[in-house]
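Chemist: Model the structure of this input:
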Amino acid sequence: MDSVAIFIIQESHLPCPATLYLMQIGSLTIENPFVLAPLAGYTDLAFRLLCREYGAGLCYSEMISAHGLVYQQQNTLDMIRTDPTERPVAMQLFGTEPEIMGQAAAILSKQPIDLIDINMGCPVKKVIKKGSGAALLRTPIIAERIIKEVVKNSRVPVTVKTRTGWNHQQIIAEDFAKMVEEAGASAITLHARTWTDGFSGQVDWEMIKKVKEKVAIPVIGNGDLLCHDDGLAMLKQTGCDAVMIGRASLGAPWIFSAKVNPLPSMHFRLKALSRHLELIAQLFQTDRILAKTKNHAGKYFKGMPGSSGMRQKIYETKTFQELRDLIAAVKTP
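Modeler: Residues are numbered from 1 along each chain as shown. Below is the predicted model:
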């Protein structure tokens, strides 16, 4: 039997899956191989809590600036808020200066978290211009120094998220993964695209398999997993230890543990969205993040009849309470 977990969810309630799978990252045990990716602008505390409630084995924060953390910038400090019920949780750091990254790791690992992840795969140009994210694929010596500094200063296991290479003429995933392991990281996540691919082009599952064969530390596969079955297929075909789901989880937090119809019922979606809004109300000054909340809310109706009209109504709301009233008034069969 393949070492994967299959969780079943009924549309009437949240999942309470039996543990069928364990993955060890340093001292941390992960009980479900489906994990939430770090997504800038999305994976805040409310969404992470929601995804954990729907079965995600581990959730990653948005990218956290090492500079912002070291210099105690309030916006950055707000991003590292956590809650005991979301654990295990990983916080993702980005930066290009090894010493600053080490200092940030020392600060971050004093928080009630379980992992520190280093971003070495972000393709966004403003990140690349500063030499961090995927730019570190072009400077492996600096990347190695960063990992060593973060590991040295961290009280929790350290992981790295990266890509297969800078472009298709520079595929370095296997050697880079070996360096990551030797530098002291406890796991590696591979988004199986190059920097030049961005978020388009075909994901190279074969490279995930090769990296898994190259290193002894756990390997997490990532890239264009659109449903639960995609994740199960990646686990089986590549032998990776876990799969990381990002954009496909937006408006569909059940993806981590559910074998559901590709178009879940409106009742099912509304229950998830209502819980999401409840968490936002508990944790944030709601009207300060109204635009982000509406962006989240609109995604719950993707693929449903009348979805464009519903999204338009969502975007026209002026307050958080107006948004909640709109969602509460939606009629279901």
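
Chemist: For the closest residue in space to Phe320 that isn't next to it in sequence, give me phi and psi.
Modeler: Excluding the flanking residues, the one nearest Phe320 by C-beta to C-beta, 6 or more residues apart in numbering is Thr286, at 3.6 Å. All C-beta atoms are positioned from the backbone trio N, CA, C, and that covers glycine. Here is the backbone geometry of Thr286 (degrees, to the nearest 10): phi -60, psi -40.

Chemist: Next: Gly133.
Modeler: When read as degrees, to the nearest 10, the backbone of Gly133 gives phi 60, psi -140.

Chemist: is it true that it touches Asn119?
Modeler: Yes. Contact criterion C-beta atoms under 8 Å: Gly133 and Asn119 qualify, at 5.7 Å.

Chemist: circling back: go ahead and confirm the residue nearest to Phe320 touches Ile280.
Modeler: Yes. Using C-beta under 8 Å, Thr286 makes contact with Ile280 at a distance of 6.1 Å.

Chemist: what about these two, which has more around it?
Modeler: More crowded of Thr286 and Ile280, by other C-beta atoms under 10 Å: Ile280, with 26 against 17.

Chemist: Distance check, the more buried one against Ala252.
Modeler: Distance, Ile280 to Ala252, by C-beta to C-beta, to the nearest Å: 17 Å.

Chemist: Same check on Met23?
Modeler: For Met23, the distance to Ala252 - C-beta to C-beta - is 23 Å.

Chemist: looking at this, Leu39 is in a strand?
Modeler: No. Secondary structure of Leu39, determined by DSSP: H, G, I helix; E, B strand; the rest coil: coil, with no strand assignment.

Chemist: Can you give me the distance of Thr196 to Ser249?
Modeler: Using C-beta to C-beta, Thr196 is found at 25 Å from Ser249.

Chemist: Quick check on these two: which one has the bigger neighbour count.
Modeler: Between Thr196 and Ser249, Ser249 has the larger neighbour count (other C-beta under 10 Å), namely 27 against 16.

Chemist: Now the helix ranked longest in the chain: average pLDDT?
Modeler: In the chain, assigned by DSSP state H, the helix with the most residues is helix 266-283. Averaged over helix 266-283, pLDDT sits at 96.

Chemist: Measure how far the helix or strand just after it is from the centre of its chain, please.
Modeler: Downstream of helix 266-283, the next assigned helix or strand under DSSP states H and E is helix 290-299. Put simply, helix 290-299 sits 18 Å off its chain's centre (C-alpha atoms, centre = their mean, to the nearest Å).

Chemist: any low-confidence regions in the chain?
Modeler: 1-21, 258-262, 333 (pLDDT under 70).

Chemist: residue ranges for the strands of it, please.
Modeler: Using DSSP state E, the strands found in the chain span residues 23-25, 28-30, 34-36, 58-65, 89-94, 115-120, 158-165, 187-194, 219-222, 242-245.

Chemist: and the protein, what are its domains?
Modeler: As given by automatic domain parsing, the domain ranges for the chain are 23-256, 266-328.

Chemist: ok, and which of these has the densest surroundings?
Modeler: domain 23-256 (a mean of 20; mean count of other C-beta atoms under 10 Å).

Chemist: That one: how far from the chain's middle?
Modeler: With C-alpha atoms, centre = their mean as the basis, domain 23-256 stands 7 Å off its chain's centre.

Chemist: Which strands or helices does the longest helix of the chain pack on?
Modeler: When contacts are defined as 3 or more C-beta pairs under 8 Å, 6 or more residues apart in numbering; DSSP states H and E, helix 266-283 sits against helix 45-53, helix 290-299, helix 320-328.

Chemist: what angle separates the second one from helix 45-53?
Modeler: In this case it means helix 290-299. Put simply, helix 290-299 runs at 30 degrees to helix 45-53, going by axes from the mean of the first three to the mean of the last three C-alpha atoms, to 10 degrees.

Chemist: now helix 290-299 and helix 320-328, what's the angle there?
Modeler: 10 degrees.

Chemist: related to what we said a few turns ago, now do the shared contacts for Thr286 and Ile280.
Modeler: Counting by C-beta atoms under 8 Å, 6 or more residues apart in numbering, the contacts common to Thr286 and Ile280 are 293, 320.

Chemist: shared neighbours of Gly133 and Asn119, anything?
Modeler: Jointly contacting Gly133 and Asn119 under the rule C-beta under 8 Å, 6+ apart are 94, 127.

Chemist: dump the residue contacts of the most centrally placed residue in the chain.
Modeler: Compute the mean C-alpha point of the chain, and by C-alpha atoms, centre = their mean the closest residue is Ala37, 1.2 Å away. Shown in contact with Ala37 (C-beta under 8 Å, 6+ apart): 43, 60, 222, 244-246, 249.
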